[in-house]
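Engineer: I'll drop the sequence and a predicted model, then ask my questions.
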Amino acid sequence: MPLKRSFLPAAVVALVVVAGCGDEEDPRPEAKSSEAAHWSYEGAEGPAAWASLTADWARCADGSAQSPIAVEHPEDKPLPDLRFDYRTARVEIEDTGHTEQVNVEPGSSIVLDNVTYGLVQFHYHAPSEHTVDGRSFPVEFHFVHKAAGGALAVVGLLVKEGRDNPAWAPILEHLPNRADEPVTVDSLDLKALFPRDLATTRYEGSLTTPPCSEGVHWNLLGGMIELSQAQLSLLTGHYDHNNRPVQPLKGRPVVHDSTNGD
């Protein structure tokens, strides 16, 4: 069922070209792929079967740069800081059928390698899709950004259980229960959602949902945030075990920013 997005411009809801793969993709991957064919995180339509569900998703099985990955012993290297320009914004939370997704009005962005990527949406996977030194985490948020030329850059934010985090309350306390009942939050401080440590581990990868398109610039934050057990339960009460298993690295370089990222 179509969702109301009165604050989202046509450029956000239109199809875009993902850099490096030549496919046309929606920057809201869960929303578009669920319309193309039904898929799941388990059973006959789970990750091992995605490539067989439609020919358009063949890359889920035969891709050379798939995500997520197991991060182990990345190369330490001083990298230009990932620059955030996140603001207070109006957002709309929707239940996509695979996660709860927060669509963000235009105005917030990152700068990666001198290219500006506008923040389009963020969503979560539980447990985390990436692992670090063999460790999994209760939740991982993906902040999806799109450049003017169509390239995608994703910032991964890992979550550990700890203290209550009031910055996340406007989202966690308003998660919708139905796909046809999106919830609007008029004012969300996006910058407050992040940890102080913004150093990243970077690699070239893919969408972690069908069609698994490659050419996505991945930036996994070294700093984590805490959510209380009660806050984590609000997320997992809606979606749990919606994580794709880690994929073969196949020789790709994985680089950790050796600067402090502050």
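Structural biologist: Perfect, thanks for sending it.

Engineer: Pop out the phi and psi values for the residue lying closest to Leu221 once chain neighbours are set aside.
Structural biologist: Leaving aside its chain neighbours, Leu221 sits nearest to Leu157 (5.4 Å; criterion: CB to CB, 6 or more residues apart in numbering). (Each C-beta comes from the backbone N, C-alpha and C, glycine too.) When read as degrees, to the nearest 10, the backbone of Leu157 gives phi -120, psi 110.

Engineer: same deal with Leu227?
Structural biologist: According to degrees, to the nearest 10, Leu227 has phi -130, psi 150.

Engineer: per-residue pLDDT, it?
Structural biologist: For Leu227, the pLDDT comes out at 98.

Engineer: Stretch 220-237: end-to-end distance?
Structural biologist: Terminal residues of stretch 220-237 lie 25 Å apart, using CA to CA, to the nearest Å.

Engineer: got a list of what the residue nearest to Leu221 touches?
Structural biologist: Contact analysis of Leu157 by CB atoms under 8 Å, 6 or more residues apart in numbering lists 140-143, 193-195, 221, 224-225.

Engineer: May I see the ChimeraX selection of the buried members of the residues you listed?
Structural biologist: Applying 16 or more other CB atoms under 10 Å to those leaves a buried subset, and the ChimeraX line that selects it is:
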select :140,141,142,143,193,194,221,224,225
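
Engineer: how about the strands in the stretch 101-250 of the chain?
Structural biologist: Using DSSP state E, counting those that start in this stretch, the strands found in the stretch 101-250 of the chain span residues 109-112, 115-125, 131-132, 139-147, 152-161, 183-189, 200-206, 214-221, 225-227.

Engineer: With distance to Arg87 as extra columns, can I get the ones you listed in JSON lines?
Structural biologist: Below are the strands of the stretch 101-250 of the chain laid out as JSON lines (distance: least, CB to CB, whole Å):
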{"stretch": "strand 109-112", "distance to Arg87": "9"}
{"stretch": "strand 115-125", "distance to Arg87": "9"}
{"stretch": "strand 131-132", "distance to Arg87": "29"}
{"stretch": "strand 139-147", "distance to Arg87": "14"}
{"stretch": "strand 152-161", "distance to Arg87": "15"}
{"stretch": "strand 183-189", "distance to Arg87": "8"}
{"stretch": "strand 200-206", "distance to Arg87": "20"}
{"stretch": "strand 214-221", "distance to Arg87": "19"}
{"stretch": "strand 225-227", "distance to Arg87": "19"}
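
Engineer: And the ones you listed: which comes nearest Leu249?
Structural biologist: Among those, strand 200-206 comes nearest to Leu249, with 8.2 Å by CB to CB.
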